[in-house]
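1. Just a sequence and a predicted model for now, questions to come.
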Amino acid sequence: MDIKKKFIKTFGIIMAALLLTGCGNTDKGNKKQETAGSESSSITKRPETGLNIPKEDQDGQKMPLFTTKDLQGNTVTDSIFQEKDLTVVNIWGTFCGPCIEEMPELAEWSKSMPSNVQIIGLVCDIEGEDDQAHKDKALQIMEKAGADFANIIPGSEFSSLLGQVTGVPTTIFVDKDGNITGKPVVGADVSAYKKFVEDYISGK
């Protein structure tokens, strides 16, 4: 079994297990940004936790080098980060209610972002380029939301990063050198994503 197939099988098992525990707290009146590894109440289908990276280590972590495809079949590489000063990476799944609910707002935001900022999606439950069922479902979600920003399919290169993600949506921020900057925003909270971008651009 090659490494990609091994990753896909392993990640599939992890995702199936997590489906039993919920996506996180989806109460919009109680949205909160949590530090990775903190506890949260689970009222739907996946735990609302994010990257299990100590805060002091997050700024030093880099995104993996990768070559993959987006939902439309276009080749995407890690050079995508070089195109903008900051990239918002929204890690989501087609099974996740809060992820789907925030997609129209992300679609609207993507069209009004500063020229040096972009958003991309990472669809965590697509198990390789041949997983047509999940690709089709992701495309339907994007189309219904009116979202046209790039959404990429995770390959084996993402195994380390996704191994630290125990719930979705988890949103991270990547600079033009591929460095993860700041801390993840855990749970669907577009206002928190926007605030991070505004603070980053203004140099706060």
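-> Structure's in. What do you need?
2. tell me the centre residue of the chain?
-> Central residue of the chain (Cα atoms, centre = their mean): I91, 1.2 Å from the mean position.
3. ok, what's across the strand from it?
-> Applying DSSP bridges to I91 gives these bridge partners: L122, T170.
4. any idea how far it is from S112?
-> Counting by Cβ to Cβ, to the nearest Å, the separation of I91 from S112 is 22 Å. Placement of C-beta: from N, CA and C, glycine included.
5. can you list the weak-confidence ranges in the protein?
-> 1-60 (pLDDT under 70).
6. One more pass at 80, please.
-> 1-60, 166, 204 (pLDDT under 80).
7. all helices of it, in order?
-> 3-18, 55-58, 97-110, 132-145, 159-162, 190-202 (DSSP state H).
8. could you give the angle of the third one to helix 132-145?
-> Right, helix 97-110. Angle, helix 97-110 to helix 132-145, by axes from the mean of the first three to the mean of the last three Cα atoms, to 10 degrees: 50 degrees.
9. quick one: buried residues of helix 97-110?
-> P98, C99, I100, E102, M103, E105, L106, A107, W109, S110 (16 or more other Cβ atoms under 10 Å).
10. Same question for the last one.
-> When burial is assessed from 16+ other Cβ under 10 Å, helix 190-202 yields the following buried residues: V190, A192, Y193, F196, V197, Y200.
11. Can you give the distance from it to the centre of its chain?
-> Between the centre of helix 190-202 and the centre of its host chain there is 16 Å, according to Cα atoms, centre = their mean, to the nearest Å.
12. going forward can the numbers begin at 562, since that is how I track them
-> All set: I'll call the first residue 562, so the last point we hit is now helix 751-763.
13. Touching it from outside, list them.
-> Residues from elsewhere that reach helix 751-763 (Cβ atoms under 8 Å, 6 or more residues apart in numbering): 592, 594, 646-647, 649, 651, 663, 666-667, 670, 674-675, 677-678, 732, 734, 742-743, 746.
14. So the nearest residue to K623 once chain neighbours are set aside versus C660, what's the distance?
-> Closest residue in space to K623, ignoring its immediate chain neighbours: G739 at 5.0 Å, by Cβ to Cβ, 6 or more residues apart in numbering. Note on G739: its distance to C660, by Cβ to Cβ, is 24 Å.
15. go on, C685?
-> 9 Å.
16. any shared contact partners between the two?
-> W653, G654, V729.
17. Most neighbours among the residues you listed, which one is it?
-> V729 (31 neighbours; other Cβ atoms under 10 Å).
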